[in-house]
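1. Structure, please.
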Amino acid sequence: MLANGRILYGIVIWSMESSLLGGVRSSSVSAKPTASMERMESVSQSHALQWFTLILTLLSGIGAMPVSVDSVCSATSTAKYSLTFTGKWSQTAFPKQYPVYRPPAQWSPLIGVTHSSDYHIWQKNEYASNGVREFSEKGEAWTLIKEVEAAGERIQSVYGLFSTPAVLGGTGQTTTEFEVYARHSFLSFIMRIVPSPDWFVGVDSLNLCEGDHWKENISLDLFPYDAGTDSGFTFSSPNFETIPQDKITQITSSFPSHPANSFFYPRLKHLPPIAKVTLTKVKNKQIFNLPIEPTQSNQIPTDNEIDESLINTPLDCEVSVWSPWGLCKGQCGEKGVRHRTRYIHLQPANNGAACPLLEEEKACVPDNCV
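-> Numbers count the residues shown, from 1 in each chain. The predicted structure is shown next:
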């Protein structure tokens, strides 16, 4: 706005000078100004006065307009946060193809980073790095950790790297603590959905600072993402590399729009959250790091589920297409009957639509009747 004001001010001054100089040039033509020349000079001075009044009005208005300034964290002290991850991946909330064995539904260790605004461990609608690919497909974190460490050394944008133990059930819970400070006030993390082709949940660049203070409590619902590196549709799909690689996209109840997809629920407008993360600012300055390897410590057992109402997502019955009509059977000279069948792909659950008829028949004339 101020730059525009300077431009406008320059234009008006240039116009004022042109008007005044026009009057001077007119008066220099003759040593004796005529009545016509005096009128021209008066008009020029009047125009200049009008322009001057206009610029004062506009500039006073510009000074009152708000100026957009990027929010910068000015907190003077570091802050310590407790992070609690809660899985909500239950068979009632996500009944379609819910994995119950080899392996059952569970979560990988959480890999988290505190960083500045110019760094991203992953981003929606951008390509996944090799580290994110390996982590989301196989749960291997070493390449991802090396990428984070390299970014910290190269551009000084990473402050801390931390993890949580794995969650050995779809509805378990795990927790850890981490530290942030003004220059590195952003939090990002990623956690693999197990089993899955390349699906994960996470947070990208959550700013924990607000002006000169740290936020006290934050709670976020988490939804599944596709890393764009494997084209499998179901939780237990075999490896099927995506060539060329796709960008990271959020999975919804209607995208990908293939009925075989494990998250495809056409009756739902939105998927229920598959997990939740809670961040709480703590006063204790002591910080500790948890190991990368999955452990049973600091984790609620899978048989001690979170005490909250579970979502019952209706799952409609899914059946195959009809088979071809069979041979017409019957006595010669009489009407016969032919049949066709279909089979159940997916049983209904949670008051979903019941399965339709699996067999049909219709009248016919018997085949090969002599």
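2. list the buried ones in the helix or strand in which residue 86 is found?
-> Using DSSP states H and E, residue 86 maps to strand 79-87. Buried residues in strand 79-87, counted by 16 or more other Cβ atoms under 10 Å: 79, 80, 81, 83, 85, 86, 87. For every residue, glycine as well, the C-beta is placed using N, CA and C.
3. again with stretch 116-135
-> Across stretch 116-135, burial judged by 16+ other Cβ under 10 Å covers 116-117, 119-122, 127-129, 131-135.
4. what's the neighbour count on residue 168?
-> Each residue near residue 168 was counted by other Cβ atoms under 10 Å, and the total is 19.
5. Point out where the stretch 151-300 of the chain drops to low pLDDT.
-> The model of the stretch 151-300 of the chain has pLDDT under 70 over residues 284-300.
6. now with 90?
-> The stretch 151-300 of the chain contains residues with pLDDT under 90 at 151-156, 258-260, 266-267, 283-300.
7. which residues in it form strands?
-> 158-163, 173-180, 186-194, 199-207, 209-210, 213-214, 217-222, 225-226, 249-250, 275-282, 299-300 (DSSP state E, counting those that start in this stretch).
8. ok, now which ones touch residue 311?
-> 88, 90, 92, 93, 272 (Cβ atoms under 8 Å, 6 or more residues apart in numbering).
9. C-alpha coordinates for stretch 312-326, CSV please?
-> Provided in CSV are the C-alpha atoms of stretch 312-326 (Å, rounded to 0.1, in the frame of the first residue of the first chain):
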residue,chain,number,x,y,z
ASN,A,312,-20.5,-47.1,13.8
THR,A,313,-20.0,-46.6,10.1
PRO,A,314,-22.6,-48.5,8.1
LEU,A,315,-21.2,-50.9,5.6
ASP,A,316,-23.5,-52.0,2.8
CYS,A,317,-23.4,-55.5,1.4
GLU,A,318,-21.3,-55.8,-1.8
VAL,A,319,-22.1,-58.5,-4.4
SER,A,320,-20.5,-59.6,-7.7
VAL,A,321,-22.1,-59.1,-11.1
TRP,A,322,-24.6,-61.7,-12.3
SER,A,323,-23.2,-64.9,-13.9
PRO,A,324,-24.5,-65.8,-17.4
TRP,A,325,-27.8,-67.5,-17.6
GLY,A,326,-27.5,-71.3,-17.3
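10. Not counting that stretch itself, show me its contacts.
-> By Cβ under 8 Å, 6+ apart, the residues outside stretch 312-326 that reach it are 92-96, 259, 265, 267-268, 272, 338-356, 358, 360, 362.
11. how does it look with 6 Å?
-> Stretch 312-326 is contacted from outside by 92-93, 95-96, 338-346, 348-355, using Cβ atoms under 6 Å, 6 or more residues apart in numbering.
12. rewinding a little: and the next helix or strand after the strand holding residue 86, how far out from the chain's middle?
-> The element immediately downstream of strand 79-87 (helix or strand, assigned by DSSP H and E) is strand 106-107. Centroid separation between strand 106-107 and its chain, computed with Cα atoms, centre = their mean, to the nearest Å, is 20 Å.
13. Start at 743, not 1
-> That works, and once the first residue is 743, the last one we named lands at strand 848-849.
14. Contacts for strand 848-849, please.
-> Around strand 848-849, the neighbours that count as contacts under Cβ under 6 Å, 6+ apart are 829, 909, 910, 911, 933, 936.
15. Number of residues surrounding the last one?
-> In this case it means residue 936. Residue 936 has 21 neighbours, counted by other Cβ under 10 Å.
16. and the residue nearest to it when sequence neighbours are not counted, how far is that from residue 929?
-> Once flanking residues are discounted, residue 936 sits nearest to residue 848: 4.8 Å by Cβ to Cβ, 6 or more residues apart in numbering. To residue 929, residue 848 is 23 Å away according to Cβ to Cβ, to the nearest Å.
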